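Trainee: heads up, no residue letters with this:
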């Protein structure tokens with residue numbers, strides 16, 4: 001089974017962020033009060049395919065992990081933890097919160113959720129005992145790997161469904 005490379009994961013994440021920004025900008029009511037956002041006359045190449053795949057990713061994630069809570073910053077943390085595991089790096093709780101764009105207090109609550117779901121675990125840093133290191137559990141690595149295998153298969157077969 002084909003897996004996404006780190007570069008491909010980062011590109012997909014970046015594209016999803018771009019689409020979310022575009023949608024948020026259009027929803028922000030840039031026109032006069034009560035007016036509809038400008039209609040896209042010439043669709044951006046591949047936009048519908050990307051939007052459909054993004055929705056499929058979200059739905060698959062929800063069913064695969066069995067939790068609606070793995071969205072937004074919490075999902076970003078899981079992605080960062082998987083990248084760290086793949087690159088044999090360590091991330092602190094504050095690294096994860098910063099990467100997810102949330103205050104440390106919120107990040108700690110999200111990390112506690114990941115611990116509750118047996119996806120991540122926290123350790124005291126041996127070099128700096130004031131610091132907590134967060135890693136994916138074996139279960140977390142397995143769940144993330146299987147998820148990206150499913151997404152790799154879906155990405156490979158997306159052309160069949162588009163026709």
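Mentor: Received the coordinates, thanks. All figures in this text were calculated on a predicted structure; none of them were measured in a lab.

Trainee: so how far is stretch 111-125 from its chain's centroid?
Mentor: Relative to the centre of its chain, stretch 111-125 is centred 17 Å away, using C-alpha atoms, centre = their mean, to the nearest Å.

Trainee: tell me the buried residues in that stretch?
Mentor: Neighbour-count burial for stretch 111-125, with 16 or more other C-beta atoms under 10 Å as criterion, is recorded at 111, 113-114, 117, 119-121. Backbone N, C-alpha and C define where each C-beta goes, glycine included.

Trainee: and those, which two are furthest apart?
Mentor: 113 and 121 (12.7 Å; C-beta to C-beta).

Trainee: show me the buried residues of stretch 111-125 that map onto helices.
Mentor: Judged by DSSP state H, the subset of the buried residues of stretch 111-125 located in helices is 111, 113-114.

Trainee: top helix in this structure by residue count?
Mentor: Assignment by DSSP H gives helix 138-162 as the longest helix of the chain.

Trainee: next structured bit after the lowest-mean-pLDDT helix or strand in the chain?
Mentor: Sorted by mean pLDDT, DSSP states H and E, the helices and strands of the chain end with helix 6-27, the least confident at a mean of 69. As assigned by DSSP states H and E, the chain's next helix or strand after helix 6-27 is helix 47-65.

Trainee: what about this structure, any weak spots by pLDDT?
Mentor: Along the chain, the model assigns pLDDT under 70 to residues 1-11, 25-43, 45, 159-163.

Trainee: please report phi then psi for residue 67.
Mentor: phi -150, psi 130 (degrees, to the nearest 10).

Trainee: what's near enough to touch residue 135?
Mentor: Contact criterion C-beta atoms under 8 Å, 6 or more residues apart in numbering gives 81, 84-85, 90-91, 120-121, 123 as the residues in contact with residue 135.

Trainee: let's see which of those end up in helices.
Mentor: Among these, the members that lie in helices (by DSSP H) are 81, 84-85.

Trainee: now do the contacts for the nearest residue to residue 92 once chain neighbours are set aside.
Mentor: In space, not counting the residues next to it along the chain, residue 92 is nearest to residue 131; the distance is 5.2 Å by C-beta to C-beta, 6 or more residues apart in numbering. If you count contacts by C-beta under 8 Å, 6+ apart, residue 131 has them with 92-94, 124-125.
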